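In: mind folding the following:
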Amino acid sequence: MDRKIADNTQTIEYIVSEEGAGMRLDQFLAKELTEVSRSFLQKQIKEQSVLVNRKTAKAGIKLNPSDKVQITLKPPKELRIEAENIPLDILYEDEDIIVINKPKQMVVHPAPGHYSGTVVNALLYHCKDSLSGINGVMRPGIVHRIDQDTTGAIVICKNDYAHHFIAQQLKEHSITRTYHAIVCNSLLQEQGTVSGTIGRHAINRKKMAVNVNNGKQAVTHYRVLDPLNGKYTYICCNLETGRTHQIRVHMASIGNPVLGDTVYGAAKCPFRLTGQTLHAKTLGFIHPRNKKYVEFDAPLPEYFEKLLQILKG
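Out: Take a look at the predicted model:
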């Protein structure tokens, strides 16, 4: 994949691999550009912003190996992301990175419906111009993210060198990412591994699903920390990969959805929760400057601690 940015437009080029051969054009783009909706991609195709081998194409065209797919995205010019004086729970900070403990109901970066109150808005105020620019004006400094209602540790990069260095570790799956969660029901094994592709749900494009044709390989290792009361279980999960909603989808697929997750679990929760009980507890990686392994621990949020005490009975 090659990205070229000029004149406020972003052109992204893909070379179709053997794995992508036979896929519809819109399916292929949905697999590669998971951060945007299928309807948005289909609109881009209709507006002839997508080329296959330098020619306009329809959404249903089947792709061949080595086909060149090019999509040109034009961000809204009138949009401006404002710096906001929002307190950050900073776990660590230096000239290259900043590690924060993200609270619930806080979106990592601006997106439709969330152009203020995000981590990025807070970072623009705290860091001023000291944020990497690789991901553009909408996501300065952001090298990875967690869901709106998932709490815990994320690392932000202050310069492009640090961004490239951390991104490479993410790509190689060498970063330590340990999550704590409360899941429904008891588990058959004290520890185990859930694997299988994760991709967009065939019908509900806001959801992810396992073992879908357009999915990417995902691996989650889990271990029981406390069996609690039998109805719920306290676990930790280590990620080998970092797919969208990975832990939520994987645990639901084995009959143990994350407590409070109304997307992949029960529509109603017996406790007064805001979203899933999932927390990014530990984050570890090689520091971009001194090349030494560093690890950061985000304390469990208060609501999580109280809930554990209740469920322990």
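
In: only C-alpha atoms from now on, for both contacts and neighbour counts.
Out: Will do.

In: quickly find the element holding residue 122.
Out: With the criterion set as DSSP states H and E, the secondary-structure element containing residue 122 is helix 119-127.

In: how about the strands in the stretch 201-313 of the chain?
Out: 208-210, 216-226, 232-239, 278-286, 293-297 (DSSP state E, counting those that start in this stretch).

In: right, so of these, which gets closest to residue 25?
Out: Among the strands of the stretch 201-313 of the chain, the nearest to residue 25 by CA to CA is strand 216-226 (17.0 Å).

In: and that closest one, what does it pack against?
Out: If you count contacts as 3 or more CA pairs under 8 Å, 6 or more residues apart in numbering; DSSP states H and E, strand 216-226 packs onto strand 191-200, strand 232-239, helix 246-253.

In: TSV for the ones you listed, including mean neighbour count?
Out: Converted to TSV, the helices and strands packed on strand 216-226 look like this (neighbours: other CA atoms under 10 Å):
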stretch	mean neighbour count
strand 191-200	18
strand 232-239	22
helix 246-253	22
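
In: quick one: closest of the ones you listed to residue 173.
Out: Residue 173 lies closest, by CA to CA, to one member of the helices and strands packed on strand 216-226: strand 232-239, at 8.3 Å.

In: elements contacting that closest one?
Out: When contacts are defined as 3+ CA pairs under 8 Å, 6+ apart, strand 232-239 packs onto strand 176-184, strand 216-226.

In: now do 10 Å
Out: Contacting strand 232-239 under the criterion 3 or more CA pairs under 10 Å, 6 or more residues apart in numbering; DSSP states H and E are the following elements: strand 176-184, strand 191-200, strand 216-226, helix 246-253, strand 278-286, helix 302-312.

In: now distance to residue 40 too, for these, in TSV please.
Out: Rendered in TSV, the data for the helices and strands packed on strand 232-239 read as follows (distance: least, CA to CA, whole Å):
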stretch	distance to residue 40
strand 176-184	31
strand 191-200	14
strand 216-226	21
helix 246-253	23
strand 278-286	30
helix 302-312	37
